[in-house]
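J.: need a structure here:
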Amino acid sequence: MTEQNSGKLNLLERTLPEGLLVDAAWMERHGYSTSLRSQYVAAGWLDQPARGTYKRPRGELAWDRVIVSLQTLLGSTLTVGGRTALDLQGFSHYLSASGPAVIHLYGVSSPPGWLSKLPLPQTFRFHRSPTLFRSLAEKPFPQEGTLRQLPVMTEWNLTVSAPERALLEMLDELPARESFHQVDMLMEGLSMLSPRRLQMLLADCRSVKVKRLFFWFAARHPHAWVKQIDRDAVDLGTGKRSLVKGGTLDPDLLITVPDDLDAPV
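T.: A predicted model of the protein is given here:
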């Protein structure tokens, strides 16, 4: 190996932490040509988990480290949200020892194509956050305090939705991809939410369905913070919304909901 290439390898060890992952564009920007990358892979100094991606051979390939890589080294604005964010913050009743099976990602731009080709057991599901929140179509995003940093590795954090935002993101999945029963059980444990943050998010939310569902579940689980939210300041739209075939129409919020939520399991 030439002295120049040896120096580049040493630099790579300092700029690419073990366990994190970068793409070909990152390597090019840092001066690692296609031929040099091929040499590193052939020599075992780099792994290639999927075409166009690179990591150092030591360090586990894990979904959270991949997303940390996107958010930090690769400059993506994707955040982990919805059920996944609630799971990671300890609100789930169903989280298995292996962690979440579906990773909900929110952002303006889709994740790179190689994300779904990595040899990981998790499935990544992308949601365009501006379709749910008006302000997330703007830059900079004005949703103050709605993101959290969760430690994943030494000096590296995962950016996730705060519980208030994650709840509304999860409600948006009803009834097609989430169940009323699961959301109901989760809502029972959300006793420490911020009413100020919820008020801001509800005002920013585009979805009449999500806002009506929020107040319906809040009425079922009247935590202390519920009384501090001004429902009159939230646009709940007009007309009925049919969410559950054969369900019961709630006369207050005009949505059809399951009539068996309180039945014994």
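
J.: And the contacts of stretch 190-207?
T.: 91, 131-135, 143-146, 162-165, 167-168, 172, 211, 214, 221, 223-226, 228-230, 233-234 (CB atoms under 8 Å, 6 or more residues apart in numbering). For every residue, glycine as well, the C-beta is placed using N, CA and C.

J.: just the buried members of the residues you listed?
T.: 91, 132-133, 135, 143, 146, 162-165, 167-168, 172, 211, 214, 223, 225-226, 229, 234 (16 or more other CB atoms under 10 Å).

J.: which residues of the protein fall in helices?
T.: For the chain, the helices defined by DSSP state H occupy 3-15, 24-29, 34-43, 63-71, 82-88, 163-171, 180-188, 195-204, 208-220.

J.: buried set for the last one?
T.: For helix 208-220, the buried set under the neighbour-count rule, 16+ other CB under 10 Å, comprises V208, K209, V210, K211, R212, L213, F214, F215, W216, F217, A218.

J.: so what does that helix touch, helix or strand wise?
T.: The contact analysis (3 or more CB pairs under 8 Å, 6 or more residues apart in numbering; DSSP states H and E) places helix 208-220 against helix 163-171, helix 180-188.

J.: and the angle from that helix to helix 163-171?
T.: Per axes from the mean of the first three to the mean of the last three CA atoms, to 10 degrees, the angle that helix 208-220 makes with helix 163-171 is 120 degrees.

J.: Could you check how far helix 208-220 is from the centre of its chain?
T.: In terms of CA atoms, centre = their mean, to the nearest Å, the gap separating the centre of helix 208-220 from the centre of its chain is 21 Å.

J.: The fourth one now?
T.: On the basis of CA atoms, centre = their mean, helix 63-71 is displaced by 11 Å from the centre of the chain it belongs to.

J.: begin at 275 from here
T.: Understood, numbering begins at 275; the last thing we discussed is helix 337-345.

J.: Rounded mean pLDDT for that helix, please.
T.: The pLDDT scores in helix 337-345 average 97.

J.: Let me see the residues that make contact with that helix.
T.: Here helix 337-345 has contacts from 293-296, 333, 350-354, 373, 377, 379, 385-386, 389, 392, 394, 396, 398, 426-427, 430-433, using CB under 8 Å, 6+ apart.

J.: again, only using 7 Å
T.: By CB atoms under 7 Å, 6 or more residues apart in numbering, the list of residues contacting helix 337-345 from outside reads 293-296, 350, 352, 354, 377, 385, 392, 394, 396, 426-427, 430, 432-433.

J.: How about the shortest one?
T.: Helix 298-303 is contacted by residues R311, G326, Y328, L347, L348 when judged by CB under 7 Å, 6+ apart.

J.: Which segments of the protein make up each domain?
T.: The chain breaks down by automatic domain parsing into domains covering 277-328, 337-508.

J.: To L527, which of these lies closest?
T.: domain 337-508 (4.5 Å; CB to CB).

J.: and that closest one, how far apart are its ends?
T.: Length of domain 337-508, first residue to last, CA to CA, to the nearest Å: 36 Å.

J.: What of stretch 344-354?
T.: Terminal residues of stretch 344-354 are spaced 11 Å apart (CA to CA).

J.: Buried residues, it. List them.
T.: By 16+ other CB under 10 Å, the buried positions in stretch 344-354 come out as L344, Q345, T346, L347, L348, S350, L352, T353, V354.

J.: can you check stretch 508-528 too?
T.: Going by 16+ other CB under 10 Å, stretch 508-528 has these buried residues: V508, L510, R515, L517, G521, D524, L527, L528.

J.: how close does the first one sit to F488?
T.: If I follow you right, that is V508. 9 Å (CB to CB, to the nearest Å).

J.: cool, G318 as well?
T.: With CB to CB as the criterion, G318 and F488 are 52 Å apart.

J.: and if you look at S481?
T.: From S481 to F488 the distance is 10 Å (CB to CB).

J.: Return a ChimeraX selection command for the buried portion of the contacts of helix 337-345.
T.: Only the buried entries of the contacts of helix 337-345 go into this ChimeraX selection, using 16+ other CB under 10 Å:
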select :293,294,295,296,350,352,354,377,385,394,396,426,427,430,432,433
